[in-house]
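Asks: sequence first, then the predicted structure:
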Amino acid sequence: MYKQSLTLCFSLLAFVANAEDVHVGVVYPSLAPINEIARLFEKSSSDKIIVHQDNFSSLTLYQQIKDKDDVDMVLFGDVKTSIQLENDDLAIKDSRFTYAFGKLVLWGKNPNLVDAKGEVLATGNFRNFASLDPKVGPYGSGVQEVLTKLGLKEKLKSKWIFISNSGEMRKQVMEGTLDMAFLPLATLNPSKKIEGSLWIIPKTYYTPIEQQAVLLKRAENNAAAKSFFNYLKSPHARNIFEKYGYTSPQ
């Protein structure tokens, strides 16, 4: 009995000794789902998934990787940035994949402001609204497409504010600095009751927002990082992304 207990103890110690840390960088809208996916993964693994909690945009994530090289993988809000990392020889070639497609919404804290068809935009009865910069990423350029389709791009130019990340936009709407914001649906955590009012913009109004993950060169010999990266492609992970308002790739 003693030998069996000792053998089990040594086996557990070896299991823990082989555990590795995995550092994950992620854009703000995907933060909640990736945290839930990490917790699920850790239930069947000794590895520790460390999700960097900063309020990141794809652009700031890219700059951090170039400056600090402190994450093993990254989930961007676009495709272009993951390709750029490949071109910079910072990502493992051909590792990038599409983990989700984002949904664009117009949201305000006031429950009576944003109607289900977005007709509030045509009325002009609001102080301002915000979006990501159309020059920087697909969520911003998607807003530009929406306003162009509605014939309101020029009319609303004086009320349109660009903000660098969706987390900051959400914060400013909650604080009352902004009346409305065009946001990724995932930013509002639709797995729970969404406060305020929103218009879920028809997907035909803008180019599909494809979001990619990529494994970085620093994880080349990190078996845990590769295991978690592959887990992001699993049905379990996809179900969680969908729960938070994303659409899974076919």
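Replies: Thanks, I have it.
Asks: buried stuff in stretch 185-195?
Replies: L185, A186, T187, L188, N189, P190 (16 or more other CB atoms under 10 Å). (C-beta placed from N, C-alpha, C; glycine too.)
Asks: sorry, that was for stretch 103-121
Replies: Neighbour count says stretch 103-121 has K103, L104, V105, L106, W107, G108, K109, L113, V114, G118, V120, L121 buried, by 16+ other CB under 10 Å.
Asks: any idea which of those is closest to S248?
Replies: K103 (11.9 Å; CB to CB).
Asks: what about the closest residue to F41 other than its chain neighbours, how many neighbours?
Replies: Residue nearest to F41 in three dimensions, not counting chain neighbours: Y231, with 5.3 Å by CB to CB, 6 or more residues apart in numbering. Number of residues near Y231 (other CB atoms under 10 Å) recorded here: 17.
Asks: just to revisit the earlier point, which one among the buried residues of stretch 103-121 gets closest to K243?
Replies: K103 (12.8 Å).
Asks: shouldn't that closest one be in contact with G245?
Replies: Yes: K103 is within contact range of G245, at 5.6 Å (criterion: CB atoms under 8 Å).
Asks: shared neighbours, those two?
Replies: Taking CB atoms under 8 Å, 6 or more residues apart in numbering as the criterion, K103 and G245 both touch P184, L185, A186.
Asks: sorry, back to before: from the buried residues of stretch 185-195, which ones fall inside strands?
Replies: Under the assignment DSSP state E, the buried residues of stretch 185-195 contribute nothing to strands.
Asks: please report the confidence value the model assigns to the most centrally placed residue in the chain.
Replies: In the chain, the residue lying closest to the centroid (CA atoms, centre = their mean) is S30, at 2.7 Å. Looking at S30, its pLDDT stands at 95.
Asks: ditto for F56
Replies: pLDDT, F56: 79.
Asks: surely it is within a helix?
Replies: No: counting by DSSP: H, G, I helix; E, B strand; the rest coil, one finds F56 to be coil, located in no helix.
Asks: do you know how far it is from I200?
Replies: 24 Å (CB to CB, to the nearest Å).
Asks: A100 now?
Replies: Taken as CB to CB, the span from A100 to I200 is 16 Å.
Asks: still on that earlier bit, out of the buried residues of stretch 185-195, which comes closest to T177?
Replies: For those, the minimum distance to T177 (CB to CB) is 16.3 Å, reached by T187.
Asks: angles on the backbone of W107, please.
Replies: Phi and psi for W107, reported as degrees, to the nearest 10, are phi -140, psi 140.
Asks: oops, could you answer that again for L215 instead?
Replies: Dihedral pair for L215: phi -100, psi 130, per degrees, to the nearest 10.
Asks: please parse the protein into its domains.
Replies: Here the domain parsing of the chain from automatic domain parsing is 2-101+209-243, 104-200.
Asks: ok, back up a step: of F56 and I200, who's got more company?
Replies: Neighbour comparison, F56 and I200: the larger count goes to F56, with 25 against 15 (by other CB under 10 Å).
Asks: from K117, how far out is the more buried one?
Replies: Taken as CB to CB, the span from F56 to K117 is 32 Å.
Asks: and for K135?
Replies: The span separating K135 from K117 equals 28 Å under the rule CB to CB.
Asks: show me the helices in this protein, by range?
Replies: For the chain, applying DSSP state H gives helices covering 2-17, 31-42, 58-68, 80-87, 120-123, 138-150, 166-175, 223-231, 235-243.
Asks: distance to P249 added to these, as CSV?
Replies: Formatted as CSV, the helices of the chain follow (distance: least, CB to CB, whole Å):
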stretch, distance to P249
helix 2-17, 34
helix 31-42, 15
helix 58-68, 18
helix 80-87, 14
helix 120-123, 30
helix 138-150, 15
helix 166-175, 21
helix 223-231, 15
helix 235-243, 8
